[in-house]
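Undergrad: Provided below for reference: sequence and predicted model.
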Amino acid sequence: MPTITIAHTTIYRYRMAVILGPHRLMLRPRETRDLTLTTFDLEIAPTARIDWSHDVAGNAIAIANFDVTTDTLSIRSHTTVVLEAPDWPVFPIAGSATSYPFLYPAEDWTDLGALAAPQYQDDTGRLSNWVEQFVMRRPTDTLSLLKDVSNGTTAQIKYEIRESEGTQGPLETLDRGYGSCRDFAVLYAEAIRTLGFGARLVSGYLYDPSDDRLGSAGSGSTHAWVEVFVPGGAGSRSTQRTCRWGRPI
């Protein structure tokens with residue numbers, strides 16, 4: 001059970017003193033069965049009033065409000081977590097979902113909502129045609145299919161660090177043939193949504209002590225990956241994480 005310390009610093013410098021509007025900060029990790037948050041400290045300069053809340057997904061949101069003008073804004077967070085997730089977790093799957101295609105129960109559809117609907121326009125069905133190459137047959141093993149799509153994505157798309165703002169759409173990533181981790185995540189999530197799966201994007205940090213995994217930068221990097229909802233055994237719920245660049249936090 002490794003104890004991991006995360007220091008995250010963001011600094012903005014302006015050409016002149018500016019009035020700062022409210023800043024929405026998402027820096028506090030969400031605690032789960034596999035991740036225990038032991039300390040979290042937030043330092044902001046100039047001094048700000050912090051109002052905490054939670055969004056609809058249960059993420060802790062800090063809203064920073066400022067009363068002074070400044071030419072520099074510094075946001076520093078210091079976090080310590082205990083990571084209990086195994087490197088290769090084994091998830092129980094409900095018997096009804098072991099083979100694809102399967103139908104989510106009605107109550108799951110209600111909760112999944114937009115997570116199961118493609119978010120990008122694809123009038124010609126290019127993305128659904130692309131992902132069909134990984135469906136060996138119907139029916140097929142559910143987890144094997146998810147793994148094949150993940151491996152196929154990383155085999156066909158080149159990973160590149162991309163400093164520019166924003167995320168590429170899935171068709172843009174296919175056309176370019178390269179992308180960053182967030183572009184891989186969008187492509188994967190959109191592809192499996194066309195197959196009927198519910199999926200969400202997750203952000204965090206790459207835990208890579210050896211610093212030899214693709215996507216690493218120094219002692220740690222911000223990272224994006226995908227969680228796929230697969231009904232769990234005995235009515236429980238579980239997620240399938242697809243991560244190709246190391247161990248996420």
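TA: Alright, I've got the coordinates.
Undergrad: just checking, Thr140 touches Glu132?
TA: No: at 11.8 Å, Thr140 does not count as touching Glu132 under the criterion of Cβ atoms under 8 Å. C-beta coordinates here come from the backbone N, C-alpha and C atoms, glycine included.
Undergrad: Got phi/psi on the residue nearest to His54 when sequence neighbours are not counted?
TA: Spatially, and ignoring its direct neighbours in sequence, His54 is nearest to Ala60 (6.1 Å; Cβ to Cβ, 6 or more residues apart in numbering). Per-residue torsions, Ala60: phi -80, psi 120 (degrees, to the nearest 10).
Undergrad: can you tell me how far Ala60 sits from Tyr14?
TA: Going from Ala60 to Tyr14 by Cβ to Cβ, to the nearest Å gives 28 Å.
Undergrad: The two - which one has more neighbours?
TA: Taking neighbours as other Cβ atoms under 10 Å, Ala60 and Tyr14 compare with Ala60 leading, 17 against 12.
Undergrad: List the contacts of that one.
TA: 26, 28, 30, 52-54 (Cβ atoms under 8 Å, 6 or more residues apart in numbering).
Undergrad: Highest neighbour count among those?
TA: Counting neighbours by other Cβ under 10 Å, Arg28 leads the contacts of Ala60 with 16 neighbours.
Undergrad: tell me the SS of that one?
TA: Assigned with DSSP: H, G, I helix; E, B strand; the rest coil, Arg28 falls in the coil class.
Undergrad: Was I right to think it contacts Asp41?
TA: No: here Arg28 does not reach Asp41: they are 10.2 Å apart, not a contact under Cβ under 8 Å.
Undergrad: shared neighbours of these two, which are they?
TA: Contacts common to Arg28 and Asp41, judged by Cβ under 8 Å, 6+ apart, are 77, 79.
Undergrad: circling back: which of the contacts of Ala60 lies closest to Val82?
TA: Closest approach between those and Val82, by Cβ to Cβ: Arg30, at 14.2 Å.
Undergrad: Figure out the helix or strand that Val186 lives in.
TA: Using DSSP states H and E, Val186 sits within helix 181-194.
Undergrad: List of residues touching that helix?
TA: So helix 181-194 is contacted by 115-120, 122, 127-128, 130-131, 146, 149-150, 153-154, 157, 159, 162, 167-170, 173-174, 179, 199-203, 215, 223-226, 228, 242, 244-245 (Cβ under 8 Å, 6+ apart).
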